[in-house]
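S.K.: please work out how this folds:
(3 chains)
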Amino acid sequence: MKLNNSFYLRNNVTVIARQLLGKILVANIEDQAVSGMIVETEAYSEIEKGSHAYKGKTKRNEVMFGLGGVAYVYLCYGVHEMFNIVTNGVNKAEAILVRALQPMEGIDRMMKRRQVNSVKKITSGPGKLTQALGIDRNLNGISLTSDKVWIEDRGIIIKSKGIVSTPRIGIDYAGKDALLPWRFFIKGNEWVSK
DNA sequence: TACGTGATCACG
DNA sequence: GTGATCACGTAA
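M.R.: Presented below is the predicted three-dimensional model:
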């Protein structure tokens, strides 16, 4: 079943980032739903330097400062769309970057969008999965209870022992906050980014 | 290991 | 207005 706002509005971004593992991200952008199981996430909060929200509200990050339960989508390195899930209440700027999925429905469609012939390459990274799902900045701020993008609980349980946490990727500029173990992934899953 | 790519932000 | 920087992916 589709997760509702009470899941996203809680005040603990790292707990939510762990709980998202094993949930199903579904996108229905061009009249065909495609989906994948979330296997890798990263938590970001305004209290640490790794986050876009650290220096306060700007045009780009303003949805992080709004109510949780919406998407934060931005362009990275001029090329890649990044999909994040905003959590917590108004003016508690937190978000979770979805870094990798295990493909479920619509694999043909996702391979076509990605223009690759290996299923391993379609959603095994944050820029890849948005391309596979058809997600871009037009969806910035969209509700995750909408009929375009949402997250489902299909009863898959990931035990605490099956979760690995490490420092986050690509945020060396954050100084000691780059060491926070706020990246989470399903141990041994083949689609975790490298 | 290098670099494309363009929005964004902190300057002025 | 301008320039440095960037929550990546790919080829090499």
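S.K.: any chance of the backbone angles for the spatially most central residue of chain A?
M.R.: Centroid-nearest residue in chain A: A:V98, 2.1 Å away (criterion: Cα atoms, centre = their mean). Note on A:V98: its backbone torsions stand at phi -90, psi 120 [degrees, to the nearest 10].
S.K.: export only the CA atoms of the one helix or strand A:A132 maps to, formatted as CSV.
M.R.: Using DSSP states H and E, A:A132 maps to helix A:126-133. Extracted in CSV, the C-alpha atoms of helix A:126-133 (Å, rounded to 0.1, in the frame of the first residue of the first chain):
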residue,chain,number,x,y,z
PRO,A,126,21.1,8.2,-8.3
GLY,A,127,21.4,9.7,-11.8
LYS,A,128,20.6,6.4,-13.5
LEU,A,129,17.4,5.7,-11.6
THR,A,130,15.8,9.1,-12.3
GLN,A,131,16.5,8.6,-16.1
ALA,A,132,15.0,5.1,-15.9
LEU,A,133,11.9,6.3,-14.1
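S.K.: and the helix or strand immediately after that helix in the chain, what does it pack onto?
M.R.: Using DSSP H and E, the helix or strand that follows helix A:126-133 towards the C-terminus is strand A:149-152. Other helices and strands packing on strand A:149-152, by 3 or more Cβ pairs under 8 Å, 6 or more residues apart in numbering; DSSP states H and E, are strand A:24-28. Every residue, glycine included, has its C-beta placed from N, CA and C.
S.K.: close enough to count as contact, A:F184 and A:E42?
M.R.: Yes - if you go by Cβ atoms under 8 Å, A:F184 and A:E42 touch, sitting 7.5 Å apart.
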